[in-house]
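In: Have a look at this prediction, sequence included:
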2 protein chains.
Amino acid sequence: MAQKNKLQFIILGLLNQQPLTGYDLTKAFDNEIGEFWQAQHSQIYPQLKRLEEQGYVTHEITLSGEKLEKKLYHITTSGSELLHGWISVGTPDLTATKDEFILKLYFIQTNHDPRLTAMLNEQFQLHSDKLAHLQERLITVFPKQTGAKQHYGHYLILQHAIGRETYYVNWLKTTLQELPAN
Amino acid sequence: MAQKNKLQFIILGLLNQQPLTGYDLTKAFDNEIGEFWQAQHSQIYPQLKRLEEQGYVTHEITLSGEKLEKKLYHITTSGSELLHGWISVGTPDLTATKDEFILKLYFIQTNHDPRLTAMLNEQFQLHSDKLAHLQERLITVFPKQTGAKQHYGHYLILQHAIGRETYYVNWLKTTLQELPAN
DNA sequence: GTATTCATGTAAGACGTTACATGATTCA
DNA sequence: TGAATCATGTAACGTCTTACATGAATAC
């Protein structure tokens, strides 16, 4: 047992909302939870197979057009129990951030390093774009102010991510301003 | 080539400051950069071997006591070039956060979910502890206000991490306060 | 008709964690 | 003298990414 196989819980969590195909699940990692977890289809299809063998999901075949078979996966009672067990237990392990830019920064010796400005500017652009994207998502997914009654968790994490990126962008801006002129 | 092997650059970056043994490097992942990256000795020793085969580091044997041989690793010119090449190229890929708690939150449907308070409180404790630890580190590593002349990058990332955790703790507190009474 | 998207799978290899294994040195 | 720490390594296994592979349906 190397890690914890969180992917299986994400899949179960998504299937708990509605039946989906492997392709749908792959897409979900571009939109919904792409900000928080990443996975490719080459990981998802085998995982679905394993979940079915273990009785946590089942699938039915639907036709798209005349020949193309889609496997629409449903969560089972046992799968739902596994999911809620995972949510209910504690989450005491904070994983390290693994931010490559931060790692590079660590090895910069002085505030006169000629590479600093370009590095900070690049990250400023990237995180500003990400922030804008998240703000757009929040408006798209929760158009009304009152709209967070359902999908409260989704609302929370979007709002959390926006706050986090806002902090990151502001920190980059401040750090850039405090660099010595040259 | 699956990922980018960032571990090799971290090792080179640490050896660029001073010669270290595999054991020292392992320790560094508990203190220095443990907040930003994690690695076990079972990853470090083979990586050192590979770096040596490729000519990026060399080692000399020193004795600790009468029998115990330590391998003290030094970075080579070629290794230093590899390190600075890595630092100098752009870092355009923002990796997903992979925060398991955030993932669990996503699957919470309503703000009346009975598990929410305990979940948020646990994270509040964990992130408060982490914040306190980081603040202590900052004082330990940079005792004087002016002390960030050398190791500027180290100062920056500590300060960045403190800001990030401060935001996280405040967000948890606010979110807890906004939960409906029960 | 042709490019894009839908749809599902496997294979190879790199990365990362846990466990296995051994022995010396230091501190109480 | 016994426990904790120093010190180095390998093995097994799980996760994750990239690439290989195929074919149907849809939009332009």
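Out: Arrived safely, thanks for sending.

In: DNA strand C contacts on chain A?
Out: Contacts of chain A with DNA strand C, taken as C-beta under 7 Å from any atom of the strand, map to A:1-3, A:21-24, A:26-27, A:41-42, A:45-46, A:48-49, A:64, A:68-71. In this view, the C-beta of every residue, glycine as well, is placed from N, C-alpha and C.

In: at 6 Å instead, please
Out: A:2-3, A:21-23, A:41-42, A:45-46, A:64, A:68, A:70-71 (C-beta under 6 Å from any atom of the strand).

In: Go through stretch A:109-121 and flag the buried ones.
Out: Neighbour counts over stretch A:109-121 (16 or more other C-beta atoms under 10 Å in any protein chain shown) mark A:111, A:113, A:116, A:119-120 as buried.

In: near chain B at all, that stretch?
Out: Yes. Against chain B, stretch A:109-121 shows contacts by C-beta under 8 Å from any C-beta of the partner chain at A:109-111, A:113, A:115, A:119.

In: Run the chain-centre distance for that stretch.
Out: 30 Å (C-alpha atoms, centre = their mean, to the nearest Å).

In: likewise stretch A:128-140?
Out: The answer for stretch A:128-140 is 14 Å, by C-alpha atoms, centre = their mean.

In: Just give me the residue closest to the centre of chain A.
Out: A:F36 (2.0 Å; C-alpha atoms, centre = their mean).

In: wait, that one sits on B:T95?
Out: No. Contact criterion C-beta atoms under 8 Å: A:F36 and B:T95 do not qualify, at 11.1 Å.

In: Which helix or strand contains the closest residue to A:K104 other than its chain neighbours?
Out: Excluding its sequence neighbours, the residue lying closest to A:K104 (C-beta to C-beta, 6 or more residues apart in numbering or on different chains) is B:I87, at 5.0 Å. Here B:I87, judged by DSSP states H and E, is contained in helix B:77-88.

In: Is there proximity between the helix or strand following that helix and DNA strand D?
Out: Remark: after helix B:77-88, the chain's next helix or strand is helix B:100-106, criterion DSSP H and E. No. Helix B:100-106 lies apart from DNA strand D when judged by C-beta under 6 Å from any atom of the strand; the minimum separation is 10.5 Å.

In: now do stretch A:27-42
Out: Yes. Counting by C-beta under 6 Å from any atom of the strand, contacts between stretch A:27-42 and DNA strand D involve A:38-40, A:42.

In: and that stretch, what's its mean pLDDT?
Out: Throughout stretch A:27-42, pLDDT has a mean value of 91.

In: Let me have that stretch in CSV, keeping just the CA atoms, if that works.
Out: Taking C-alpha atoms only, stretch A:27-42 is exported to CSV below (Å, rounded to 0.1, in the frame of the first residue of the first chain):
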residue,chain,number,x,y,z
LYS,A,27,-13.9,15.8,-18.4
ALA,A,28,-14.7,16.5,-14.8
PHE,A,29,-11.0,16.7,-14.1
ASP,A,30,-10.8,19.6,-16.6
ASN,A,31,-13.7,21.6,-15.0
GLU,A,32,-15.1,20.8,-11.7
ILE,A,33,-12.3,19.5,-9.6
GLY,A,34,-9.4,20.2,-12.0
GLU,A,35,-8.3,22.9,-9.7
PHE,A,36,-8.0,20.5,-6.8
TRP,A,37,-7.0,17.2,-8.4
GLN,A,38,-5.8,15.9,-11.7
ALA,A,39,-6.2,12.5,-13.4
GLN,A,40,-5.9,11.2,-17.0
HIS,A,41,-8.3,8.7,-18.6
SER,A,42,-5.5,6.1,-18.5
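
In: which residues of chain A fall in strands?
Out: Here chain A has its strands, by DSSP state E, at A:57-64, A:68-75.

In: Would you mark the buried spots in the last one?
Out: Right, strand A:68-75. Across strand A:68-75, burial judged by 16+ other C-beta under 10 Å covers A:70-73, A:75.

In: How about the first one?
Out: Using 16+ other C-beta under 10 Å as the burial criterion, the residues of strand A:57-64 that qualify are A:57, A:59.

In: Tell me if it is near chain B.
Out: No. Using C-beta under 8 Å from any C-beta, strand A:57-64 never reaches chain B; the gap is at least 15.5 Å.

In: That strand near DNA strand D at all?
Out: Yes. Strand A:57-64 reaches DNA strand D (C-beta under 6 Å from any atom of the strand) through A:S64.

In: Could you point out which residue ranges in chain A have low pLDDT?
Out: Residue ranges of chain A with pLDDT under 70: A:1-3, A:145-148, A:182.

In: Return the residues of it in contact with DNA strand D.
Out: Within chain A, the residues that sit near DNA strand D (C-beta under 6 Å from any atom of the strand) are A:1-3, A:5, A:7, A:38-40, A:42-43, A:64-68.

In: can you rerun that using 10 Å?
Out: A:1-8, A:10, A:23, A:29, A:37-47, A:50, A:63-70 (C-beta under 10 Å from any atom of the strand).

In: Redo the residues of stretch A:27-42 next to DNA strand D as CSV? Include neighbour count.
Out: Shown next, in CSV, are the residues of stretch A:27-42 next to DNA strand D (neighbours: other C-beta atoms under 10 Å in any protein chain shown):
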residue, neighbour count
A:Q38, 14
A:A39, 19
A:Q40, 9
A:S42, 9
